[in-house]
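Asker: got a structure for you, letters missing:
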């Protein structure tokens, strides 16, 4: 029997995980399934069908237990309605324990209420002991297996949503990003973006995810342009490159006594190459010596 691997997502804008659905060959995208994960049994939506996907993460692919039934979907909605109450209860207990520097972002029940995860964020780098909080929450919800999960500032922004720093009604992380890529200050420099913190920092307090969107295009375009402070020959004379316009494949050149002008890369000649040719032409030939 041909192996059928499906992609399953547990959150509307969440990471996709792969499972073996060979036992349900007629499964379709958009259906809901019950799968066993490292964090218990969960209900997820099928987002893709991939036949014979190679290299499973560890050993064999975990198998899909079964299709979700209407009862499962109703159970999921019922337990989701109890998440706000669980979040409030956890925040109250956190305050009573006088644990500072920790925020309760949300609480998540799995589809049948057998597991309950409290999602927390720590404001500092110090490790905070949360065993007491977990024990108290377990006593409050004895029929659910309680876990405490800490997340970073980018994930907090994803959970909370809201308007982005650019003015979009939804932040990228809450709208379509299913995973976070590493972002560096170099990406802003290559694109010529101001390094003012308010210009490159997102609502999460970290470098904006969008800095990576056009980074490769800018980096590739800059390879064909002379670097800043490079001396070049232009149709208007010799000058120095003061700025790059990668997407226009042009540069801004400062020409003495004339000012700054924009030139396409095809209009430029490297000054050092022409100077080398000029010097070579002035050297006496062997026959003249």
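Answerer: Structure's in. What do you need? Treat the numbers as computed from the prediction; the structure is a model and nothing was measured.

Asker: so which bits of stretch 146-157 are buried?
Answerer: Residues of stretch 146-157 classed as buried: 146, 147, 148, 154, 155, 156, 157 (neighbour count, 16 or more other C-beta atoms under 10 Å). Glycine gets a C-beta too; all of them are placed from N, C-alpha and C.

Asker: any chance of those residues in a markdown table, plus distance to residue 29?
Answerer: Compiled in a markdown table, those are given as follows (distance: C-beta to C-beta, whole Å):
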| residue | distance to residue 29 |
| --- | --- |
| 146 | 33 |
| 147 | 30 |
| 148 | 34 |
| 154 | 28 |
| 155 | 26 |
| 156 | 30 |
| 157 | 28 |
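
Asker: mind checking which of those residues land in strands?
Answerer: Judged by DSSP state E, the subset of those located in strands is 146, 147, 148.

Asker: between these, which is closest to residue 120?
Answerer: Nearest to residue 120 among those: residue 148, at 6.2 Å, using C-beta to C-beta.

Asker: in the sheet, who's paired with that closest one?
Answerer: Counting by DSSP bridges, residue 148 is bridged to residue 118.

Asker: can you tell me how far it sits from residue 226?
Answerer: 55 Å (C-beta to C-beta, to the nearest Å).

Asker: and of the buried residues of stretch 146-157, the nearest to residue 42?
Answerer: residue 147 (13.0 Å).

Asker: skipping adjacent residues, who's closest to that closest one in space?
Answerer: Excluding the flanking residues, the one nearest residue 147 by C-beta to C-beta, 6 or more residues apart in numbering is residue 117, at 5.0 Å.

Asker: list the contacts of the one you found.
Answerer: By C-beta atoms under 8 Å, 6 or more residues apart in numbering, the residues touching residue 117 are 39, 107, 108, 146, 147, 148, 149.

Asker: for stretch 243-251, buried residues please.
Answerer: Result for stretch 243-251 [16+ other C-beta under 10 Å]: buried residues 244, 245, 246, 250, 251.

Asker: how about the residues you listed in TSV, adding secondary structure?
Answerer: As requested, those are arranged in TSV below (DSSP: H, G, I helix; E, B strand; the rest coil):
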residue	secondary structure
244	strand
245	strand
246	helix
250	strand
251	strand
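
Asker: where do the helices of the stretch 1-150 of the chain begin and end?
Answerer: Taking DSSP state H, counting those that start in this stretch as the criterion, the stretch 1-150 of the chain contains helices spanning 70-80, 83-96, 131-140.

Asker: nice, that's everything, thank you.
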